[in-house]
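next one to model:
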Amino acid sequence: MPSVTPDDAPPLADLMPWSVAPPRLGRGWPTDPDPASLKARWDALMKAEGPDREALFEPTRSRTLHTAVGQLPGRSGGTEKLVRASGPGPEPVRVLAAPFDEQWLIPDHRLIDAARPELWRVADDAQVFVVETPDTPGRPLLATSLLPLLRPGRIRPLYRRPGGREPNLAPGLPAFLSSLGHSPDPVDFLAWTLTAVRPGLTVPLTRDPELWARGVETGHRALWLLRRHGERPKLPGGRRPYVRAPLPARPLTLLYDRDEETLHLDEGRVSPVPPEAWDFGTGPGGRVLEQWFAARTAEHAEPGTLAAIRPTAWQQPWTSELLELITVLALLAEVGERQAELKMTDPVTAAELRAAGVLPVPDAARHPATVLDHHEEGPEGQFALL
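Numbering: from 1, shown residues only. Now for the predicted structure:
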């Protein structure tokens, strides 16, 4: 969809004004594609004492074994200082660790340098996190139901409060959309945004009801694939990738046969894998499938560290995840083609939004909601004051 001139299209930062910097872990070992490894790492940390525990923890200026922090909102992690901690840790939670790569995280505030509690407060089944991905050619935004750990782009929750309440939209925007005959539903606006957003993170709006409807329909398709909600997607014609030759216990190489549409994991074979899935990239990092495979097989941790506690063999859930990821990437490539076919007509300019009172956005809309419906545990078991 060709953009209107940059000066005329409103910035996403004005249309979805509240944003949060991405979490910063400070250490890699609290995340992994395998949740059992995370539990083993926690157990190893708890068994270590004195300098050994400190070395395993990998302290930073933000987090040491003596740091006192509150509980992550909505989570059960402890609040006593890690130097005295014992027993099991909190259950790992699913997160978006890299573009299209769902992994696991130990949700304990003591392990994370900058956890962004304001994101955890609004993370629930109704929430959609919009993630800026400036380094990804052709896809400046991702959307996910999981807490995103991607850097460096900012994160814009669709809702400012739990339960899908108080949309994170410019206060006058829903009424303005209604005046054009468009749906003011926040998810419909997000669908349009995923379709129309430009590389500079401006979002052209249109008065054309037919174009709006087609853009929203295309965006909902992308949103369904990005969030992985509902029925497992299928390739055109009802095709699905299958394991044609068993995967080895520990595959080391990933190769693609374009003529046969086959993915080779050493002697293991998966097909059909459309070229669009194999070629799907995220910019400087390379192909998504290669990055996903490397995250599960590369030997990059120093012996004796917690990150070195990893599976010794390929995990069965990874096979199912790989088959679904292949399908998602192929279908997203089709969605991208649909997006490119849409031609912007009858655009709404930022000047018109200012004249309608939608812009400028009040400063309060750029900050998180402050009233919560529950208590949060502060350091050493004290209730946090908000």
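
my read: residue 357 touches residue 172, true?
Yes: using CB atoms under 8 Å as the test, residue 357 is close enough to residue 172 to be in contact (5.2 Å). All C-beta spots, glycine's among them, are computed from the backbone N, C-alpha and C.

who has more neighbours, those two?
residue 172 (16 against 12; other CB atoms under 10 Å).

pull the contacting residues for that one.
356-358 (CB atoms under 8 Å, 6 or more residues apart in numbering).

same question for residue 174.
167, 184, 186, 189.

just checking, next helix/strand downstream of the longest helix anywhere in the chain?
Ranked by residue count and defined by DSSP state H, the top helix of the chain is helix 316-341. On the C-terminal side of helix 316-341, the closest following helix or strand by DSSP states H and E is strand 347-348.

circling back to that earlier point, mean confidence score for the longest helix of the chain?
For helix 316-341, mean pLDDT rounds to 95.

now that helix: buried residues?
For helix 316-341, burial by neighbour count (16 or more other CB atoms under 10 Å) applies to 318-319, 321-332, 334-336, 338-339.

counting contacts, what elements does that helix pack onto?
Contacts defined by 3 or more CB pairs under 8 Å, 6 or more residues apart in numbering; DSSP states H and E place helix 316-341 against helix 209-227, strand 242-245, strand 268-271, helix 275-279, helix 288-297.

so residue 171 sits in a strand?
No: Residue 171 sits outside any strand when classified using DSSP: H, G, I helix; E, B strand; the rest coil, being coil.

and it, what is it in contact with?
358, 361-362, 365.

if we can go back for a sec, for residue 75, find the nearest of the helices and strands packed on helix 316-341.
For those, the distance to residue 75 is smallest for helix 209-227, at 21.5 Å, taking CB to CB.

from the chain's centre, how far out does that closest one sit?
19 Å (CA atoms, centre = their mean, to the nearest Å).

now do it against helix 316-341, angle only.
Here the directions of helix 209-227 and helix 316-341 differ by 160 degrees (axes from the mean of the first three to the mean of the last three CA atoms, to 10 degrees).

which parts of helix 209-227 are buried?
For helix 209-227, using 16+ other CB under 10 Å, the buried residues are 211-212, 214-216, 218-226.

what is it packed up against?
strand 141-144, helix 186-196, helix 316-341.

please redo it, this time with the cut-off set to 10 Å
Helix 209-227 sits against strand 141-144, helix 186-196, strand 205-206, helix 316-341, with contacts defined as 3 or more CB pairs under 10 Å, 6 or more residues apart in numbering; DSSP states H and E.

ok, the third one: who's next to it in the sheet?
In this case it means strand 205-206. strand 347-348 (antiparallel) (DSSP bridges).

contact partners of the strand it pairs with?
By CB atoms under 10 Å, 6 or more residues apart in numbering, the list of residues contacting strand 347-348 from outside reads 3-5, 8-10, 176-177, 180, 196, 204-208, 211, 356, 358.

which of the residues you listed are buried?
Using 16+ other CB under 10 Å, the buried members of these are 3-4, 9-10, 176-177, 180, 196, 204-206, 208, 211, 358.

just these now: which is nearest residue 45?
Using CB to CB, the buried ones among the contacts of strand 347-348 come closest to residue 45 at residue 196, 46.4 Å.

for this structure, which spans come out with low pLDDT?
Applying pLDDT under 70 to the chain flags residues 1-7, 137, 230, 282-285, 371-386.

and residue 234, what does it touch?
240, 327, 331.

could you look up the SS state of it?
coil.

and it, its phi and psi?
When read as degrees, to the nearest 10, the backbone of residue 234 gives phi -120, psi 150.

quick check: it vs residue 76, distance?
38 Å (CB to CB, to the nearest Å).

and residue 354, by the same measure?
On the measure of CB to CB, residue 354 and residue 76 end up 46 Å apart.

over to residue 101?
For residue 101, the distance to residue 76 - CB to CB - is 25 Å.

between these two, which is the more surrounded one?
Under the criterion of other CB under 10 Å, the comparison of residue 101 against residue 76 puts residue 101 first, with 19 against 12.

so that one makes contact with residue 295?
Yes: counting by CB atoms under 10 Å, residue 101 touches residue 295, with 6.2 Å between them.

now for these two: what residues contact both?
Common neighbours of residue 101 and residue 295 (CB under 10 Å, 6+ apart) are residue 33.

where along the stretch 51-200 of the chain do the helices fall?
Taking DSSP state H, counting those that start in this stretch to define them, one finds helices in the stretch 51-200 of the chain at 117-121, 173-179, 186-196.

closest one to residue 143 among these?
Among the helices of the stretch 51-200 of the chain, helix 186-196 sits nearest to residue 143 (CB to CB), with 6.3 Å.

can you select the buried ones from the contacts of residue 174 in ChimeraX?
For the buried members of these, the matching ChimeraX selection, counting by 16+ other CB under 10 Å, is:
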select :167,184,186,189
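
is it true that residue 361 touches residue 12?
No: contact criterion CB under 10 Å: residue 361 and residue 12 do not qualify, at 11.7 Å.
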